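S.K.: Just a sequence and a predicted model for now, questions to come.
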Amino acid sequence: MPKSSRKNTESNKRLDPMIVVALIGLFGTIIAALLASPLLERWLSTSPSNTDTPAAISSTAINGTQTTGNHIPLNQTVTGTLYFDEAGVWIFSDGPATVTIILDVGPFGSALLILRDPSGVEQAYVDEQSPGVARLVNFSIPTDGDYTILVRNAQNEQVDYTLTVQDALTPPPP
């Protein structure tokens with residue numbers, strides 16, 4: 001076989017570098033789309049379907065209005081389990097009142113508390129003030145509507161928690 005035809009045959013066996021780069025980019029886009037898919041998130045979810053914990057919502061729904069969940073009355077403590085990126089949803093409707101809301105996810109969690117008014121507007125966003133505990137102190141609830149309390153473990157790990165809504169803490173006398 002002459003040298004020139006051997007070169008053509010060998011060069012035909014090599015892939016054009018631009019095609020390789022394009023294929024890598026295409027595969028990367030497909031993988032990124034799959035990882036961002038809510039269907040994949042649901043498929044990988046390990047939360048049990050029958051629990052005593054509040055209704056859970058995905059992290060994408062946290063930005064919208066949420067009006068379903070278990071009710072938590074004034075001066076009560078409830079417990080639940082947070083499953084990775086899901087939020088516990090509790091409804092407080094004992095207003096008007098001035099309340100203190102305490103979320104405790106223990107020493108291995110990282111607490112996050114979000115309070116929304118009846119129209120879905122975020123009224124408070126509270127990170128932990130001490131390890132595993134977030135407190136919204138002396139917050140005024142002016143109406144008797146349904147206020148949504150979202151509780152999160154900011155570390156996106158499964159963790160048990162307690163949530164308390166109580167009468168406002170009054171400072172001790174001087």
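M.R.: Sure, I can see it.
S.K.: Return the longest helix seen in the chain as PDB; C-alpha atoms alone will do.
M.R.: The longest helix of the chain (DSSP state H) is helix 17-35. Once non-C-alpha atoms are left out, helix 17-35 reads as follows in PDB (Å, rounded to 0.1, in the frame of the first residue of the first chain):
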ATOM      1  CA  PRO A  17     -10.900  17.500  18.400                       C
ATOM      2  CA  MET A  18     -13.800  19.900  17.900                       C
ATOM      3  CA  ILE A  19     -16.200  16.900  17.700                       C
ATOM      4  CA  VAL A  20     -14.800  15.400  20.900                       C
ATOM      5  CA  VAL A  21     -15.200  18.800  22.700                       C
ATOM      6  CA  ALA A  22     -18.800  19.100  21.400                       C
ATOM      7  CA  LEU A  23     -19.600  15.600  22.600                       C
ATOM      8  CA  ILE A  24     -18.200  16.200  26.000                       C
ATOM      9  CA  GLY A  25     -20.200  19.400  26.300                       C
ATOM     10  CA  LEU A  26     -23.400  17.600  25.100                       C
ATOM     11  CA  PHE A  27     -23.000  14.800  27.700                       C
ATOM     12  CA  GLY A  28     -22.200  17.400  30.400                       C
ATOM     13  CA  THR A  29     -25.400  19.300  29.600                       C
ATOM     14  CA  ILE A  30     -27.500  16.100  29.600                       C
ATOM     15  CA  ILE A  31     -26.100  15.000  33.000                       C
ATOM     16  CA  ALA A  32     -26.600  18.500  34.500                       C
ATOM     17  CA  ALA A  33     -30.200  18.500  33.300                       C
ATOM     18  CA  LEU A  34     -30.800  15.100  34.800                       C
ATOM     19  CA  LEU A  35     -29.300  16.100  38.200                       C
END
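S.K.: Now do it, average pLDDT.
M.R.: For helix 17-35, the mean pLDDT works out to 75.
S.K.: Over to stretch 144-161?
M.R.: 88.
S.K.: On the C-terminal side of the helix or strand of the chain with the lowest mean pLDDT, identify the next helix or strand.
M.R.: Ranked by mean pLDDT, DSSP states H and E, the weakest helix or strand in the chain is strand 56-57, scoring a mean of 38. Sequence order places strand 70-71 as the next helix or strand after strand 56-57, per DSSP states H and E.
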